[in-house]
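**Student:** Need a 3D model of the sequence below.
(2 chains)
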Amino acid sequence: MKALNITPPIIAIIPSLVLLPIFIQIIQDFHIGGLSILYNFINASINPSINHEVIINCLKGLRVTFSIAIFSWSISLIIGIILSLFSSYTICRILNIPQLVATCLRRFLTLTRATHELIWGLLLLQIFGLAPWIAIIAIIIPYSSLMARVFSEQIDTLDNKEILALEQVGATGSQIIFTSILPKILPFICTYGSYRLECAFRGATLLGIFGLGGIGNNLRLSIISLNFDEMWTSLWIMFIAIFILEKLVIYIQNPKLYLNNIGKYVLTSFTILIILMVLSLKWIVITDSNFFSSIRFHPIETLKLDNFIYAINYLHWLNLFRETITISFLASSFAIGLPPLVLMFCPNRFTGKVLSLFWIFCRIIPPPFTTLLLLLCTTPSTSVAALALGIQNMGVLGRLLNENINKQSEDLFQSLNSTGAMESISWLYGKFIPQSNSYLIYSIYRADVILRETVVVGVVGGVGLGWQLQESLSSFAWEEVLLVTAAFISISMVGEIISEYFQQHLQNLD
Amino acid sequence: MKNNLVQLIVFLLFVASGAKAIAKEVLIISAIPDQYPEKLNRLYTKLANELSKDLNIKVKYKPLVNYQAAVSAFRTGDLDLVWFGGLTGVQARLQTPGSKVIAQRDIDAKFHSVFIVNTKTNLKPIKDISELKVLRGKRFTFGSESSTSGRLMPQYYLEKAGLQIRDFKGSKSGFSGSHDATIALVQSGSYEAGALNEEVWKDNYNSGNIDVKKVIVIWRTPPYSDYHWLAQPDLDKHFGKGFTTKLQKKIIGLNKRNPKQKEILELFSANRFIKAESNQYKNIEKIGRSLGKIR
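**Tutor:** Residues are numbered from 1 along each chain as shown, chains lettered A, B, ... in the order given. The predicted structure follows:
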């Protein structure tokens, strides 16, 4: 008997089966109590507040969030490039630095990367007080280490022959880096880097919700008062901003721009980067004149061993881990499985365009809000948290899949379609299958990110380690805070190891 | 190049020290965000203007998004005078030794929480605390997780009645974030029951924001001490000798004969402010410790 062969396209769609348990749970808990408020929310989407003051306020918030995002993103990009050089085995070999340096740096970066920007934000807030630069540092730490990882991996997969040849003719280490390595990876850095800008924007918005200024703050204030029309003003403004940003990023990634004139492309990008950095810093200083004033250290009380032991025994660790892992499993499956499924049933160009607008919406509504909205009609559960997290990440993966599919040629799809195959079937075979492997590789990486992001929904959804972190922070139990953070870091690291294993497995299939 | 860097650092340090010196001429006041932000903004901006006029210094109101940020920002010295709840006030005093309880409202010495239900639950008002058990299996929401009247005391009385959080529907309770939101969520039916600050309830009731056909009070807790003003220990050092006493006198001296002050007091739902002592909050501290909110 022939063994059943599960191929990447099937693996990519199978996860959407989690829709079943998620919706069973949510329908079980569903009640009509919150329908009137939910109706107000939906109604407000077409009637956002157009009050002059509200709009000005939102625009100001947007400016702060964008400045924080751009500034921290550009610094992360620079630090990321520098760190990637020292954590790349190839570079270490060229520069005669012991490989141990790269290994140690990589291990260290896992640690800084495994901690979500929200955790950094909440912890730094405790030690340094309310200051706008906290949001910036909170984003820079995980982002620069993440970029360092991605860039160094790219450098290490470069073809070795060229480098060896240059070494043979007596080129120095720095000459090799500048003439052979950097020109090859800089276009990648530009394309990947520009993706991260939107992530930095989402991160800055999220930090705003937790008190660090910007449009997140506007959103938070309007939802506390259930003031949906003002909330929709913020959401629509964010929507337009992200829409423009997305178009710009697609433009920058156009290969025509950098093929044959890499030098000019890199120089232009670098100049733009510096200009953006200066502008964003200027904006931040304009909004908050105390920007540089509050770099003061406020130590927390001394930690006690007894309290650590108490916290280890007192918290229901098993339960917290189980909930956190369940959320990330459900959310990942939802986010991975749905985009191909939805695109399959809406295969033509027009629906594709509508969907890409829909993905933007999924991405801009912060998961804590989706959770709150869902909670209007249901009770707190892991499914609610997972759905909220899944929706945002579905937006991320949906956009990626859509863009990659649009970049490839339509020949296969057209020829299948002209044989009279159903449009969705031609889409599946003609468009999705060539993409499925790379989609899955990225999806697995995303699952890793989702595991880290569970902290965000846990905080409001009342589940998992995220919730415990919030409880421990509001009780000012530092020992517990440290233990929960350590727990987060360790499961993120385990998650990363598992995802690396799967990624390699898939890459071998290629 | 190196020279430029040094210049930049010197400049930044200059900016830093300069800004710090300016910042201390301003008294920063704040409050836990227990009600709708628009109302808090109106109230504290008015109060800041009033204090500024008589004390001859700049007073600025800094809005916050959560209770815990108020405690932390007080500890880090970003806030000079904060309107805390019972629990957050105790937390802040433990973290900022020497900080001074300035005043409370006339109603704060004997404060109450109320338990409210949506009328679709068909629950009737109860007389005895043990009857709180009727809330078993209901969808229940507190206010903010660090609220004294919206979480700590209600949870204390629920536990006294033998009801744990896991006994609510979904084995969890909700946290609406503020007292106003609790009313809105229970009235709309998102949650079947909730607990909140009695003053916010009365306030909404009097201004006609409550539909009595949809939401009713079923129980009022026994009295306890709640909200109070807490000041940094070192205000005199920054604003001159005797400043803390002057500030206290000013706050206690607010009275309803002055139209502007009347407006402020009404927004606070108070007749006047009275002196308060930190030992009034010993019981809150005990309960906070027993429920794990104070370590």
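**Student:** Who are the contact partners of the residue in the stretch 101-250 of chain B that chain A sits nearest to?
**Tutor:** Residue nearest to chain A within the stretch 101-250 of chain B: residue B:189 (2.9 Å; C-beta to the nearest C-beta). For the C-beta atoms, the positions are set from N, CA and C on the backbone; glycine is no exception. Residue B:189 sits next to A:31-34, A:36, B:118, B:120, B:214 when contact means C-beta atoms under 8 Å, 6 or more residues apart in numbering or on different chains.
**Student:** same thing with residue A:195?
**Tutor:** Residue A:195 makes contact with residue A:249, according to C-beta under 8 Å, 6+ apart.
**Student:** ditto for residue A:197
**Tutor:** A:69-70, A:73, A:245, A:249 are the contacts of residue A:197 under C-beta under 8 Å, 6+ apart.
**Student:** Neighbour-wise, give me the winner out of these.
**Tutor:** Counting neighbours by other C-beta atoms under 10 Å in any protein chain shown, residue A:73 leads these with 30 neighbours.
**Student:** List the buried residues of the helix or strand hosting residue B:289.
**Tutor:** Per DSSP states H and E: residue B:289 is located in helix B:282-290. For helix B:282-290, burial by neighbour count (16 or more other C-beta atoms under 10 Å in any protein chain shown) applies to B:284-285, B:287-288.
**Student:** Also stretch B:204-222?
**Tutor:** Residues of stretch B:204-222 classed as buried: B:204, B:210, B:215-219, B:221 (neighbour count, 16+ other C-beta under 10 Å).
**Student:** would you turn the contacts of residue A:197 into a markdown table with secondary structure, distance to chain B and pLDDT?
**Tutor:** Compiled in a markdown table, the contacts of residue A:197 are given as follows (DSSP: H, G, I helix; E, B strand; the rest coil; distance: C-beta to the nearest C-beta, whole Å; pLDDT from 0 to 100):
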| residue | secondary structure | distance to chain B | pLDDT |
| --- | --- | --- | --- |
| A:69 | helix | 19 | 94 |
| A:70 | helix | 20 | 94 |
| A:73 | helix | 21 | 94 |
| A:245 | helix | 26 | 91 |
| A:249 | helix | 31 | 84 |
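**Student:** measure residue A:281 to residue B:225 for me?
**Tutor:** Counting by C-beta to C-beta, to the nearest Å, the gap from residue A:281 to residue B:225 is 47 Å.
**Student:** so where's the stretch 401-510 of chain A uncertain?
**Tutor:** Segments of the stretch 401-510 of chain A classed as low confidence (criterion: pLDDT under 70) are A:509-510.
**Student:** The same query, at a cut-off of 80, please.
**Tutor:** A:458-462, A:506-510 (pLDDT under 80).
**Student:** Which residues of it lie near chain B?
**Tutor:** A:460, A:462-463, A:470-471, A:473-477 (C-beta under 8 Å from any C-beta of the partner chain).
**Student:** Just to check, residue A:453 is in contact with residue A:368?
**Tutor:** No - in this structure residue A:453 lies outside contact range of residue A:368 using C-beta atoms under 8 Å: 10.8 Å.
**Student:** Make sure residue B:280 is actually in contact with residue B:111.
**Tutor:** No - Residue B:280 lies out of contact with residue B:111 (C-beta under 8 Å); the separation is 10.8 Å.
**Student:** Which residues are in contact with each of those two?
**Tutor:** Residues touching both residue B:280 and residue B:111 (C-beta under 8 Å, 6+ apart) are residue B:225.
**Student:** what about these two, which has more around it?
**Tutor:** Taking other C-beta under 10 Å, residue B:280 and residue B:111 do not tie; residue B:111 has more neighbours (22 against 18).
**Student:** Run a quick neighbour tally on the residue nearest to that one when sequence neighbours are not counted.
**Tutor:** Leaving aside its chain neighbours, residue B:111 sits nearest to residue B:226 (3.8 Å; criterion: C-beta to C-beta, 6 or more residues apart in numbering or on different chains). Using other C-beta under 10 Å, residue B:226 has 30 neighbouring residues.
**Student:** Show me which residues of the stretch 51-200 of chain A are close to chain B?
**Tutor:** A:125-126, A:128-130.
**Student:** from what I can see residue A:220 touches residue A:208, true?
**Tutor:** Yes - assessed by C-beta under 8 Å, residue A:220 is found in contact with residue A:208 at 7.2 Å.
**Student:** ok but residue B:83 is inside a helix, no?
**Tutor:** No - going by DSSP: H, G, I helix; E, B strand; the rest coil, the assignment for residue B:83 is strand, not a helix.
**Student:** Next, the contact list for the residue nearest to it when sequence neighbours are not counted, please.
**Tutor:** With C-beta to C-beta, 6+ apart as the criterion, residue B:83 has its nearest non-adjacent residue at 3.8 Å, and that residue is residue B:31. The contact partners of residue B:31, taken as C-beta under 8 Å, 6+ apart, are B:40, B:44, B:64, B:70, B:82-84.
**Student:** which one among the residues you listed gets closest to residue B:58?
**Tutor:** Of all the contacts of residue B:31, residue B:44 has the smallest distance to residue B:58: 14.3 Å, by C-beta to C-beta.
**Student:** what element comes up after the helix or strand encompassing the closest one heading to the C-terminus?
**Tutor:** Residue B:44 belongs to helix B:37-55 when assigned by DSSP H and E. As assigned by DSSP H and E, the chain's next helix or strand after helix B:37-55 is strand B:58-61.
**Student:** The spatially closest residue to residue B:211 that is not a sequence neighbour: how many residues sit nearby?
**Tutor:** Among residues not flanking residue B:211 along the chain, residue B:187 sits closest, at 6.1 Å (C-beta to C-beta, 6+ apart). Counted with other C-beta under 10 Å, the neighbours of residue B:187 add up to 24.
**Student:** what does residue A:304 give?
**Tutor:** 12.
**Student:** Please apply the same query to residue A:375.
**Tutor:** Counted with other C-beta under 10 Å, the neighbours of residue A:375 add up to 27.
**Student:** what pLDDT does it get?
**Tutor:** Residue A:375 carries a pLDDT value of 84.
**Student:** and the gap between it and residue A:199?
**Tutor:** In terms of C-beta to C-beta, residue A:375 sits 26 Å off from residue A:199.
**Student:** near chain A, anything from the helix holding residue B:289?
**Tutor:** No - using C-beta under 8 Å from any C-beta, helix B:282-290 never reaches chain A; the gap is at least 8.6 Å.
**Student:** Ok, stretch B:233-252 next?
**Tutor:** No - against chain A, stretch B:233-252 shows no contacts by C-beta under 8 Å from any C-beta, the least distance being 14.1 Å.
**Student:** and that stretch, how far apart are its ends?
**Tutor:** 19 Å (C-alpha to C-alpha, to the nearest Å).
**Student:** Could you list which residues are in contact with the closest residue to residue A:98 other than its chain neighbours?
**Tutor:** Once flanking residues are discounted, residue A:98 sits nearest to residue A:92: 7.1 Å by C-beta to C-beta, 6+ apart. Shown in contact with residue A:92 (C-beta under 8 Å, 6+ apart): A:86, A:98-99, A:101-102.
**Student:** Residue B:252: which of those is nearest?
**Tutor:** Relative to residue B:252, the closest of those is residue A:86; by C-beta to C-beta it sits at 62.3 Å.
**Student:** Nearest spatial neighbour of that closest one, chain-adjacent residues omitted?
**Tutor:** Per C-beta to C-beta, 6+ apart, closest to residue A:86 is residue A:105, 5.6 Å.
**Student:** quick one: contacts of the helix or strand where that neighbour lies?
**Tutor:** Here residue A:105, judged by DSSP H and E, is contained in helix A:99-113. Outside helix A:99-113, the residues that touch it by C-beta under 8 Å, 6+ apart are A:83, A:86-89, A:91-93, A:141-142, A:145-146, A:148-149, A:152, A:489, A:492-493, A:496.
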